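In: Quick one: sequence plus predicted model below, questions after.
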Amino acid sequence: MPLTQKFAYLFSITLGLSILLYLLRGLGIVTFLPGGILLGLIVLAISTFFLYTISITQR
């Protein structure tokens, strides 16, 4: 599996998980989750997006 595909999978998983947890926390279902964990997931999604775009542009 190429490295770009691994970054794409990791980005989609972290983005989907952070959106899901953000929505569930906003609805009041997952209230025990600290905001730092959600912020960490968002930062991880952004960093994997940058790694994915960098790996695409390299030859």
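Out: That came in fine, so what should we check first? Residues are numbered from 1 along each chain as shown.
In: Quick one: residues in contact with stretch 16-23.
Out: Taking contacts as C-beta atoms under 8 Å, 6 or more residues apart in numbering, the residues outside stretch 16-23 that touch it are 30, 33, 37-38, 41-42, 44-45. In short, each C-beta sits where N, CA and C put it, glycine included.
In: Pick the one among those residues closest to Ala8.
Out: Checking the contacts of stretch 16-23 against Ala8 by C-beta to C-beta gives Ala45 as the nearest, at 12.1 Å.
In: Can you give me every residue that contacts that closest one?
Out: 11, 14-15, 18.
In: Now do the SS call for it.
Out: Secondary structure state of Ala45, per DSSP: H, G, I helix; E, B strand; the rest coil, is helix.
In: Please enumerate the helices of this structure.
Out: In the chain, the helices defined using DSSP state H lie at 3-27, 35-57.
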